[in-house]
Every structure is written in C-alpha cells, then in structure tokens.
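In: how would this look folded up:
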Amino acid sequence: LRASIGGVSLLFHRHGASVRVRPELLRSFFLLQIPLSGEAYIKADRQDVYCNSKQGIMISPTLGVDMCFGSGCEQLLVRIERTELERQLEGQLGHGLGTPLQFVPAVPLDAPGLHDILALLRLITASLMDAHGMCSSPFTRKNMVSLLLSGLLTCLDHNYRGELDGNVPMPGPGYLGKAQE
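Out: The predicted structure is shown next:
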C-alpha cells in the first residue's frame, strides 16, 4: 500500500529476507520508520538504533544511514517532504531556521504523544483507503497534514524542540485577552 497526502507519503513495506540498505543522504525528505513486526538495526551517523515494536526511527535528510532489516521486518514508512516540515516549523516558531531541522533518530513508540501520532496515522490511512472518507476533501487533507506535521514537531525530539516548547502560549479565557488589549 502506498498513498500520498500533501507533502506526506505513507508506505507499508515488508522485507522477506534479511537485507542491508545504505542509501545516499535523503536530502529532500525526512523518513519516519515505524516497525509493525520484526526488527531492524540502523546506524544514523554515530547513533545505533534498534527498531522493533517499541522503537522506531526518524531519519533526517542530513544524516547518513546504514540499515539492516531482519527477515519478515514489516514497517510503516512515513516520508515527509523537507520543505513542508521546515515551513511548518518556521510558522510555529515565527521566524526562519538558522540551521537545518534535525531529529534525534531513536523514536520510542511509548513516548508521550506518540500514541496520538500513531492514532492519527491510522486515521489518515483508513480515510485514504475510503473513497468517501475525510481525506476525500482537499480542505480536510490539508488540515490533516498540518496536524500530523505539528504533532511530529511537538512530540519528537529535535534541535528546535526547546525553542518550540518556549513559544507555546498557554490558552486562557477569552475575556482575559480582551482585557489585556
């Protein structure tokens, strides 16, 4: 199964035999790999990541990778266009990026917020497979992509996380904002 929505592509992929993959730098996209079964050992620059049902990996465009997939390794691949994710981050920060966005490669699937990301990916996948689902609307597709990108930036660790966390205003009562004006 392969489906695209905005700057995001979803692909269910299965390796029948053990395989080693050493791609060139991704350059134009981020790649989130969520294991569904089996395991993989991935070296992202100097970090070794063991991927299984408890841990995935987010590969940033600037990281060299060496991937060894075990036989029967099945995973959901989420390809996110670099320009889309960086534009989303710039919008949330309110300014341009001084350095490229780079995620911490290891993604513990039980980390806070990851349950929501996985649920959203299931919803998007189901909707894309239903001709009359929410993703049949261009407006809804655009908002679902924006929600996914914001969720990834909010829930995964990356080099802008501290700054992003500091720019999240706490919601208050509407009358308080009017009084401050």
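In: residue 120: what's its closest spatial neighbour, skipping adjacent residues?
Out: Nearest non-adjacent residue to residue 120, counting by Cβ to Cβ, 6 or more residues apart in numbering: residue 148, 5.8 Å away. Backbone N, C-alpha and C define where each C-beta goes, glycine included.
In: ok, that neighbour touching residue 125?
Out: No - if you go by Cβ atoms under 8 Å, residue 148 and residue 125 don't touch, sitting 11.4 Å apart.
In: who has more neighbours, these two?
Out: Between residue 148 and residue 125, residue 148 has the larger neighbour count (other Cβ atoms under 10 Å), namely 24 against 17.
In: in contact with the more buried one, which residues?
Out: Shown in contact with residue 148 (Cβ atoms under 8 Å, 6 or more residues apart in numbering): 8, 117, 120-121, 124.
In: residue 80 versus the closest residue to residue 163 other than its chain neighbours, what's the distance?
Out: Using Cβ to Cβ, 6+ apart and skipping the chain neighbours, the partner closest in space to residue 163 is residue 93 (6.4 Å). Relative to residue 80, residue 93 is positioned 17 Å away (Cβ to Cβ, to the nearest Å).
In: looking at the two, which one has more neighbours?
Out: Per other Cβ under 10 Å, whichever of residue 93 and residue 80 has more neighbours is residue 80, with 23 against 15.
In: surely that one and residue 26 touch.
Out: No - applying Cβ under 8 Å, one finds residue 80 not in contact with residue 26, separated by 10.2 Å.
In: give me the neighbour count for residue 60.
Out: So residue 60, with other Cβ under 10 Å, has 23 neighbours.
In: same question, the one 5 residues further on
Out: Number of residues near residue 65 (other Cβ under 10 Å) recorded here: 22.
In: and the pLDDT at it?
Out: Residue 65 carries a pLDDT value of 95.
In: what does residue 2 give?
Out: For residue 2, pLDDT reads 79.
In: which stretch of helix or strand covers the nearest residue to it once chain neighbours are set aside?
Out: Distance criterion Cβ to Cβ, 6+ apart; nearest residue to residue 2, sequence neighbours excluded, is residue 11 at 4.7 Å. Per DSSP states H and E, residue 11 falls inside strand 8-14.
In: lovely, talk soon.
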